[in-house]
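Enquirer: just to be clear, the model below is a prediction. Sequence and coordinates:
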Amino acid sequence: MPFPTDRERDRPWVMRTYAGHSSAAASNALYRRNLAKGQTGLSVAFDLPTQTGYDPDHELARGEVGKVGVPISHLGDMRALFADIPLAEANTSMTINATAMWLFALYITVAQEQAAEQGRDWHEIVAKLTGTTQNDIIKEYLSRGTYVFPPGPSLRLITDMVAWAVANVPRWNPINVCSYHLQEAGATPVQEVAYAMCTAIAVLDAVRDSGQVPAEKFGDVVGRISFFVNSGVRFIEELCKLRAFAQLWDDVTRERYGIVDARQRRFRYGVQVNSLGLTEAQPENNVQRIVLEMLGVTLSRNARARAIQLPAWNEALGLPRPWDQQWALRMQQVLAYETDLLEYEDIFDGSTVIQSKVDEIVAGARAEIDRVLAMGGAEAAVESGYMKTQLVASLAERRRRIESGEEIVVGVNRFDTTEPSPLQAEGAEIIHLPDPSVERQAIEAVRKWRAERNQSEVDKALDVLREAAKTTTNLMDATLDCARAGVTTGEWAAALREVFGEYRAPTGVSGASAAGEAGADLARVRERVRATGDELGQRLRILVGKPGLDGHSNGAEQIAVRARDAGFEVIYQGIRLTPAQIVAAAVQEGVHVVGLSILSGSHVEVVPAVIDGLRAAGAGDIPVIVGGIIPPEDAAALTERGVARVYTPKDYQINDMVDDIVTVVRAANGLA
């Protein structure tokens, strides 16, 4: 029958667009424009220096400032980001993890300032704040790579923030357990559900064991845990995955934590559909992919998303324009307001087909959860490399299916003939290109901020933070004091780096292999690698490097796995390396080729730095190849600067890429 019984429509989900670029002022203008178009929530994309705890003038921030999000270096930037947006009325999602406590403190401080400007009690305003900080560091070690500290201290920061938020900002979700990036890193539905549940269990156990929340209030903690999931194009399977998620969450919170109130056990989640599943080839096909993926998280009322943000059709090409984001918002609005989707109870209740698939996912996820818990939980499974290795292997298997044609991707490995696209007409600027001066302006601005603040107050606040970090004291109050004193993002993170240290997560490459790949195609490449090595008198060696702050390492890991399976000796040291570190490793290891992987848009700055570094080190004869999201004009510029090959997402046949790399090595060494 229709829902509700009075035949009124169900309430739509919160509609967001993931956005932010260039500067706080430019992003603020974009947010206000999107809100005027009917968007009902904000979703802040921060740039990589902000996410990893660096100021714009740090060496590692070179080429990364304002590229994949907005740079927020201090309280002044946060004020500008939300100027003329009443935070008490906003619903704000912040995709921030390692530095989540810091950005949350800046947000709280701006809300307090808005209350003072209105002559209102700031407690009243803060109590009304709604939204979420992603704050899931476990998945950063497994997929996205914006971690800073080791797992233990990172979990402590999350614990402190959850405990403080539940007591002081009761409507805020202090963590969004994020399975989204697990799917992008290769997770099957079972792995996505299981590893997200393991993360939630690790956080809830840590909060419970910290003693910061009275036992009778623990239901409030559970009730504020939200999830952020991925929705792929297999939308029936995705729908079943979400129903399985809801069932498992209800079971875990009731059985493990004794939560009686069914409202506190409710599985609450937001979603972004699968950005890495969007294709550079025939990108217009991404429109129907996005719509179908949205159906997977909206059709089942009992497992419907509470908030949705959709990518734009051209995200595989670069940064979408405001018009592209508007198109993605209109997709949500048409589904919510024009169709009859919200007029009915759950249309899948009673379906034996759906229930069978749900049961299959639940059973598989329970078994994997038990396996991880037996190892000591999510933290132990990160440190041992178990979960990362499982994901790398799953992604290798998915790549194998696509390359063999077993899994069809329309416009890529099947139906690839095409007409010229009017959406990409010659002369059209089909993506947004940030102003090249953004980084310079951000550097000047943060230096001006440092020069004009009260340095003694900054020093005092940072000293208090360091000392608190050495104890078990909740770090939120010290962090709020830092925000008010004018501390910068880089300074807050540097102070905690001094106490907690930094961390390099296992890459998962050594234990993974492209299962089932040993066919004639790979055998041919392997023979060519062997023969070339024989001619050179040594085994071929490739350095796979991730320069800058881009932590999306899936592509680099898959190249490393396949090159190793083809017979290369692979040197892969993980993410977040400076050009100087890459050059030093290439020279020390005596590699035959350097492969750089960049998805953040910093290729124009960091690739030439590697080439120049190799030449300065007397190793200019080592060829450099590059892979990533690189527009054609940038690819041409990199080639002119000496790059031997540029590979983009359209180059999906990894065996062909490895074979081409052998050709590059042969040419560089004067072999026919």
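Expert: Looks like it came in fine. Residues are numbered from 1 along each chain as shown.

Enquirer: could you say which helix or strand holds V646?
Expert: strand 645-647 (DSSP states H and E).

Enquirer: partner strands of that strand and their direction?
Expert: strand 624-628 (parallel) (DSSP bridges).

Enquirer: what sits up against the partner strand?
Expert: Under the contact criterion C-beta atoms under 8 Å, 6 or more residues apart in numbering, strand 624-628 has outside partners 555-556, 559, 593-599, 603, 607, 610-611, 614, 638, 642-648, 651, 657, 661, 664. For every residue, glycine as well, the C-beta is placed using N, CA and C.

Enquirer: in helices, which of the residues you listed appear?
Expert: G555, A556, I559, H603, V607, V610, I611, L614, L638, M657, I661, V664 (DSSP state H).

Enquirer: kindly reformat these as TSV containing pLDDT and neighbour count.
Expert: Converted to TSV, the ones in helices among the contacts of strand 624-628 look like this (pLDDT from 0 to 100; neighbours: other C-beta atoms under 10 Å):
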residue	pLDDT	neighbour count
G555	82	22
A556	86	25
I559	89	25
H603	85	28
V607	92	27
V610	94	26
I611	95	22
L614	95	22
L638	94	23
M657	93	20
I661	95	26
V664	96	17
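
Enquirer: could those residues go into CSV alongside distance to Q39?
Expert: Output for these, formatted as CSV (distance: C-beta to C-beta, whole Å):
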residue, distance to Q39
G555, 31
A556, 34
I559, 38
H603, 31
V607, 36
V610, 40
I611, 42
L614, 46
L638, 36
M657, 40
I661, 44
V664, 46
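
Enquirer: out of those residues, which is nearest to R541?
Expert: Within those, the smallest distance to R541 is 11.5 Å, found for I661 (C-beta to C-beta).

Enquirer: that closest one and I542 touch, don't they?
Expert: Yes. Counting by C-beta atoms under 8 Å, I542 is a contact partner of I661 at 6.9 Å.

Enquirer: are there residues contacting both of these two? Which ones?
Expert: A563, V593, G595.

Enquirer: which member of the residues you listed is positioned nearest R268?
Expert: G595 (41.5 Å).

Enquirer: what residues are up against the closest one?
Expert: I542, L543, V544, G545, A556, I559, V624, I625, V626, G627, I661 are the contacts of G595 under C-beta under 8 Å, 6+ apart.

Enquirer: and if we set it to 10 Å?
Expert: Applying C-beta atoms under 10 Å, 6 or more residues apart in numbering, we find G595 in contact with 542-546, 556, 559-560, 563, 570, 572, 623-627, 644-645, 647, 657, 661, 664.

Enquirer: and the residue nearest the centre of the chain, what pLDDT?
Expert: For the chain, R144 is the residue whose C-alpha lies nearest the centre (C-alpha atoms, centre = their mean; 4.6 Å). pLDDT recorded at R144 is 81.

Enquirer: correct me if wrong: W122 contacts A111.
Expert: Yes. The criterion here is C-beta atoms under 10 Å, and W122 meets it with A111 at 7.1 Å.

Enquirer: the more surrounded of those two?
Expert: Remark: of W122 and A111, A111 carries more neighbours, 23 against 16, as counted by other C-beta atoms under 10 Å.

Enquirer: ok, that one touching L87?
Expert: Yes. Between A111 and L87 there is a contact at 4.5 Å, judged by C-beta under 10 Å.

Enquirer: what do these two both touch?
Expert: I125, V126, K128, L129.

Enquirer: against I559, how distant is the last one?
Expert: Using C-beta to C-beta, to the nearest Å, we find L129 at a distance of 43 Å from I559.

Enquirer: picking that back up, closest one to P150 out of the ones in helices among the contacts of strand 624-628, please.
Expert: A556 (22.3 Å).

Enquirer: residues touching that closest one, list them.
Expert: Contacts of A556 by C-beta under 10 Å, 6+ apart are 507, 509, 544-546, 550, 572, 574-575, 595-599, 627-628.

Enquirer: restricted to buried residues, select the residues you listed in ChimeraX.
Expert: Remark: buried members of the contacts of A556, expressed as a ChimeraX selection using 16 or more other C-beta atoms under 10 Å:
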select :507,509,544,545,546,550,572,574,575,595,596,597,598,599,627,628
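
Enquirer: re earlier: adding secondary structure and distance to V353 as columns, could you present the shared contacts of A111 and L87 in CSV?
Expert: Listed next are the shared contacts of A111 and L87 as CSV, based on DSSP: H, G, I helix; E, B strand; the rest coil; distance: C-beta to C-beta, whole Å:
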residue, secondary structure, distance to V353
I125, helix, 49
V126, helix, 47
K128, helix, 43
L129, coil, 42
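
Enquirer: and which of these is nearest A365?
Expert: The closest of those, once distances to A365 are taken by C-beta to C-beta, is L129, at 32.8 Å.

Enquirer: show the pLDDT at that closest one.
Expert: 96.

Enquirer: so it touches H123, yeah?
Expert: No. At 11.1 Å, L129 does not count as touching H123 under the criterion of C-beta under 10 Å.

Enquirer: overlap of the contact sets of those two?
Expert: N168.

Enquirer: quick one: R330 from T17, how far?
Expert: On the measure of C-beta to C-beta, R330 and T17 end up 11 Å apart.

Enquirer: neighbour-wise, which of the two wins?
Expert: Legend: neighbour count by other C-beta under 10 Å for R330 and T17, higher for T17 (27 against 13).

Enquirer: tally of neighbours for the nearest residue in space to that one that is not next to it in sequence?
Expert: Among residues not flanking T17 along the chain, Q325 sits closest, at 4.8 Å (C-beta to C-beta, 6 or more residues apart in numbering). Around Q325 there are 23 other residues, counting by other C-beta under 10 Å.

Enquirer: again with E59
Expert: For E59, using other C-beta under 10 Å, the count is 9.

Enquirer: just the one 3 residues further on next, same as before
Expert: The tally of other residues near R62 (other C-beta under 10 Å) stands at 21.

Enquirer: past the helix or strand of the chain with the lowest mean pLDDT, which element shows up next along the chain?
Expert: Taking mean pLDDT, DSSP states H and E as the measure, strand 18-19 is the helix or strand of the chain with the lowest mean score, a mean of 84. Moving toward the C-terminus from strand 18-19, the first helix or strand encountered (DSSP H and E) is helix 24-36.

Enquirer: and that next one, which residues are buried?
Expert: So, applying 16+ other C-beta under 10 Å, buried residues of helix 24-36: A24, A26, S27, N28, L30, Y31, N34.

Enquirer: do the same with stretch 452-471
Expert: R453, V458, A461, L462, V464, L465, A468, A469.

Enquirer: how about stretch 441-450?
Expert: In stretch 441-450, counting by 16+ other C-beta under 10 Å, buried: Q441, A442, I443, A445, V446, W449, R450.

Enquirer: out of those, which are inside strands?
Expert: In strands, defined here by DSSP state E, there are no members of these.

Enquirer: thinking again about what came up before, between the buried residues of stretch 452-471, which sits nearest R263?
Expert: A468 (34.7 Å).

Enquirer: next up, the contacts around the closest one.
Expert: Here A468 is in contact with D160, N474, L475, M476, D477, A478, T479, D481, V499 (C-beta under 10 Å, 6+ apart).

Enquirer: what's it sitting at in phi/psi?
Expert: phi -60, psi -40 (degrees, to the nearest 10).

Enquirer: please report how far it lies from L341.
Expert: For A468, the distance to L341 - C-beta to C-beta - is 49 Å.

Enquirer: can you check I630 too?
Expert: From I630 to L341 the distance is 39 Å (C-beta to C-beta).

Enquirer: okay, these two: which has more neighbours?
Expert: I630 (26 against 18).

Enquirer: show me what contacts that one?
Expert: Taking C-beta under 10 Å, 6+ apart, one finds 280, 317-318, 598-599, 601, 603-604, 607, 636-638, 643, 646-649 in contact with I630.

Enquirer: next, the buried residues of stretch 203-216.
Expert: Buried residues in stretch 203-216 (16+ other C-beta under 10 Å): V203, L204, D205, A206, V207, R208, S210, Q212, V213.
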